[in-house]
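A.B. asks: Model the following, please.
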Amino acid sequence: MTPPLSHAQSVKRRHFLLGGGLNLGAMALGSLLRGDESALSHVAPQAKRVIYLFMHGGPSQLDLFDHKPGLAKWHGKELPPSVRGTQRLTGMTSGLKSLPVAASRFRFARHGPAGAWVSELLPHTAGVAGELCFIHSLHTEAINHDPAVTLMQTGHQQPGRPSFGAWTSYGLGSENRSLPAFVVLISRGSAAR
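C.D. replies: Below is the predicted model:
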């Protein structure tokens, strides 16, 4: 009897990569050839299109639209152990002898019909706050950016789940059979230049 994995040892790396590339191409081709099926949604969407900008590495939300008035009374004081708990420290904070709390330096005011808190740094955004959706309910135990970004995009810390764009494409369908419904543009960091 042949052992179950004996054939896997005879597969060359080149053949494996070629097969994987062909499978990915077939999946992409399948989504383009599927026709109008993807445009038909099980629920009629209210939105016509979505422009979703996720600009990783932007300014802190605590200075823009995540108002934390309680931080003002703790500003400059040591972070209480009850807040930090048993969470491990990051590489950025592991060498610090002190962990002082820092409140935002900027003023916040309520804007729009829902009374969204927006900082003085975003005067135009404050003017259109009633047309925006601010999500303040996301929470993660991840202390590094990459797992937190994956959680933000997919709802899970582990990669491999459908992203925000995939669900938007599923809900709205595609207007053009020749183009993908969702595109990701990746920027290169300053270290790659």
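A.B. asks: While we're on A72, how confident is the model there?
C.D. replies: For A72, the model assigns a pLDDT of 88.
A.B. asks: Please apply the same query to the one 5 residues further on.
C.D. replies: In the predicted model, K77 carries a pLDDT score of 92.
A.B. asks: Would you confirm that it contacts V101?
C.D. replies: Yes - under the criterion of Cβ atoms under 8 Å, K77 makes contact with V101 at 5.6 Å. C-betas here are computed from N, CA, C, even on glycine.
A.B. asks: Looking only at neighbour counts, state which of the two leads.
C.D. replies: The neighbour count for K77 versus V101, taken as other Cβ atoms under 10 Å, is higher for V101 (17 against 10).
A.B. asks: Can you show me the helices along the chain?
C.D. replies: 6-10, 13-33, 71-74, 81-84, 123-127, 145-154, 164-172 (DSSP state H).
A.B. asks: quick one: contacts of the fourth one?
C.D. replies: Under the contact criterion Cβ atoms under 8 Å, 6 or more residues apart in numbering, helix 81-84 has outside partners L99.
A.B. asks: The same query, at a cut-off of 10 Å, please.
C.D. replies: Contact with helix 81-84 is made by W74, E78, T93, L99, V101, as judged by Cβ atoms under 10 Å, 6 or more residues apart in numbering.
A.B. asks: The second one against A102, yeah?
C.D. replies: No - with contact defined as Cβ atoms under 10 Å, E78 does not reach A102; the gap is 11.7 Å.
A.B. asks: what number of residues lie near the nearest residue to F106 once chain neighbours are set aside?
C.D. replies: Excluding the flanking residues, the one nearest F106 by Cβ to Cβ, 6 or more residues apart in numbering is S119, at 4.7 Å. S119: 22 surrounding residues under other Cβ under 10 Å.
A.B. asks: which stretches of the chain aren't confidently modelled?
C.D. replies: The chain contains residues with pLDDT under 70 at 1-43, 45, 87-92, 94, 186-193.
A.B. asks: contacting residues around S98?
C.D. replies: By Cβ under 10 Å, 6+ apart, S98 lies in contact with E78, L79.
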